[in-house]
Structures are given as structure tokens and as C-alpha cells.
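Trainee: need coordinates for the below:
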Amino acid sequence: MSAGRAAGGRRRGSSHAEEHEDSERWMVTYADMLTLLLVLFIVLYAISQVNTSKFAQLKSSLASAFDNGQPSILSGGSGIVGGNAAGEKSDPMEQIFTPPKQRDKAAAASTQDRQAAQRETDEFKKIEAAIKASLHKHGLDGHAQFSINERGLVVTVVTDELVFSGNSAVLEAVGTKILGAVAPPLRPVDNQIQVDGHTNQQNVSTAPYLSGWELSSARASSVVRHLVASGKISPRRLSAAGFSDQRPLLAASDPRSITRNRRVEIVVLSKLPAGVRTAPVLGQPITGKPAPGQPVKPAPGQPVKPATGHG
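Mentor: Here you go, the predicted structure:
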């Protein structure tokens with residue numbers, strides 16, 4: 001009997017232990033679930049912290065790997081990073097991470113920017129053609145040079161002795177004649193106009209002006225006054241700036257710098273935002289630019305004088 005009671009006691013004790021173990025098994029499952037949730041949040045936090053330099057390296061590596069010159073179903077161009085139907089460069093990382101609606105809006109905005117830049121470029125070319133025709137009418141072909149850049153249409157007048165005498169801000173007869181031909185085509189347009197004065201880099205006296213800053217500013221102001229008084233251009237559209245010799249076209253070691261850097265620039269300013277302006281968007285080449293160092297043609301019957309003085 002004692003043996004039977006002992007065996008029965010062991011069975012009852014074992015049963016109680018198993019029941020206790022079964023009642024606590026949920027805690028193991030709960031702990032596992034908490035552990036997995038913790039790991040999930042750690043991973044989510046980790047991937048949310050983007051290392052921009054590593055990401056840029058990844059983009060560059062993928063671009064090099066995918067740009068194999070073969071047609072791409074993503075971009076419609078040559079390779080995944082090749083040009084698309086509009087001739088634009090496609091970025092594989094942007095294709096992957098940019099939502100379709102956002103890509104469509106960006107493409108539409110880019111198209112509108114290019115169209116706006118093209119319209120402004122066409123307007124600048126019309127103004128350039130009108131100024132050239134006016135110069136030709138007055139027998140002043142070649143007295144102005146033209147370029148289109150991110151600022152707008154730049155009309156450059158090389159200020160040799162026929163326009164300003166050495167160290168002087170008083171317009172000579174040929175200078176007033178050039179401005180008289182340039183002003184009429186500028187009158188009807190509503191763009192702001194900035195006149196920039198520049199001197200050359202000769203280390204000589206600028207007397208009676210203290211430095212090239214005063215001389216270049218005085219020349220720009222003289223041109224502005226003439227455009228207002230004789231050219232009948234609204235003074236609200238005009239501004240003047242002097243840059244001394246700090247923005248040369250040619251290095252001082254180049255013999256042509258003496259005449260090329262001594263200039264006045266009449267800039268028809270762009271009305272577009274900085275990111276949409278003509279040169280950055282269209283890669284617009286310089287137009288109507290003569291060969292570097294080309295001298296300004298003298299007016300009929302006028303002798304050519306060498307440039308003297310700092311400016």
C-alpha cells in the first residue's frame with residue numbers, strides 16, 4: 001500500500017508540474033514576439049538613416065553598371081541612364097525611388113522651363129538682330145559684340161579711344177553714335193538693363209580717378225545717362241555697376257587683354273528664375289561673337305588710336 005501511495009503521489013506531483021509548465025508557455029511566445037518587434041523597429045530605424053555619401057556612391061556605381069549603351073525599357077534611351085525620348089538623362093535611382101506622379105510633375109515642369117527659356121532666347125535673338133541692323137544702318141558694323149548667357153543678352157562695346165579716351169568717362173563722338181544705334185531696339189522691351197563697366201589690368205595711373213573701380217563705375221554711369229537722355233529709355237529699367245579689372249575676358253599675359261578687357265557691357269537681363277535661365281537649361285552657345293581680340297572697327301574717316309591708360 002505504501003508503495004502504491006508513493007507511486008500515486010509521484011504521478012500527481014508530475015501532473016502538477018506539467019500543468020504549471022503549460023500555464024507559463026505563453027510567456028515564451030510573448031517574449032519571442034517582443035524580441036521580433038524590437039528587431040523590426042531597429043531595422044526600420046536603421047534604414048531610415050540614409051548615409052548620403054554612401055547613397056551617392058551607390059547611385060554612381062549603378063549608373064556606371066547600367067549604362068551599357070543598350071536601349072532601356074525604363075528610359076527609352078541608350079541604357080538605363082541614357083537619354084529618353086526628350087533627350088534628357090535618366091537616373092536609375094530616381095526611376096526606382098521617385099513616385100510616378102512626382103516624376104510626371106517634374107517632367108512637365110522641366111518641359112515648361114525649356115519652353116520658357118527657348119521663348120526668351122528667341123526674343124534675345126530678335127533684339128540682337130535689331131541692334132545689328134541699326135548699327136549697320138549707321139555704318140557701325142562690328143562695333144558691338146553679342147553673347148547670350150545665364151544673365152541674358154550681353155551687348156559688349158570695347159571702350160577704345162574712339163569711345164572713351166584714356167582714364168576718361170566722357171563719351172567721345174563715336175561712343176555716342178554707337179549708343180544712339182543700340183538704344184532704339186532696347187526701348188520697346190520691358191527687361192531690366194544693367195550697364196557694367198570694366199577696365200584692363202595695366203598697372204598704370206588712373207588719375208584723375210582714384211582707382212579702376214571709380215573709372216569703371218563712372219563709365220557705366222555715363223552710358224546709363226546717355227541711354228536715359230538721348231536713348232529715351234526709362235531710368236527705372238537701368239542700373240550701373242563698375243567691376244574695375246576683376247572680371248577680365250583674357251588673362252593679363254595675353255596682349256589682346258589691353259583692348260578686350262577695357263569694355264562696357266549692356267546686359268538685357270533675363271526675366272526667368274535662376275534655375276530656368278537660358279544658358280543653364282538650353283546650353284545656349286554664344287552668338288555673334290567675333291574672334292578673340294578682334295579690334296573694334298573705326299567709323300568711316302576716323303583713325304585708329306591705340307588704347308592708353310589703365311582703362
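Trainee: which stretches of this structure form strands?
Mentor: 145-148, 152-158, 193-198, 238-242, 263-269 (DSSP state E).
Trainee: now those in a markdown table, with distance to T121 and mean neighbour count?
Mentor: Glycine gets a C-beta too; all of them are placed from N, C-alpha and C. Output for the strands of the chain, formatted as a markdown table (distance: least, Cβ to Cβ, whole Å; neighbours: other Cβ atoms under 10 Å):
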| stretch | distance to T121 | mean neighbour count |
| --- | --- | --- |
| strand 145-148 | 6 | 21 |
| strand 152-158 | 9 | 23 |
| strand 193-198 | 18 | 24 |
| strand 238-242 | 23 | 19 |
| strand 263-269 | 12 | 22 |
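Trainee: CSV for those, including mean pLDDT and distance to I131?
Mentor: Output for these, formatted as CSV (pLDDT from 0 to 100; distance: least, Cβ to Cβ, whole Å):
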stretch, mean pLDDT, distance to I131
strand 145-148, 95, 8
strand 152-158, 94, 6
strand 193-198, 97, 12
strand 238-242, 97, 16
strand 263-269, 96, 9
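Trainee: any chance of TSV for those, columns distance to S165?
Mentor: Output for the strands of the chain, formatted as TSV (distance: least, Cβ to Cβ, whole Å):
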stretch	distance to S165
strand 145-148	21
strand 152-158	14
strand 193-198	15
strand 238-242	18
strand 263-269	14
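Trainee: who wins for proximity to R187 among those?
Mentor: In terms of Cβ to Cβ, the element of those nearest to R187 is strand 193-198, at 10.4 Å.
Trainee: poorly predicted segments of the stretch 151-300 of the chain, please.
Mentor: 278-300 (pLDDT under 70).
Trainee: where do the helices of it begin and end?
Mentor: With DSSP state H, counting those that start in this stretch as the criterion, the stretch 151-300 of the chain has helices at 173-186, 212-229, 257-260, 278-282.
Trainee: confidence score at L38?
Mentor: On pLDDT, L38 comes in at 91.
Trainee: what of the one 10 residues further on?
Mentor: As predicted, S48 sits at a pLDDT of 72.
Trainee: for L36, see how far away it is.
Mentor: 19 Å (Cβ to Cβ, to the nearest Å).
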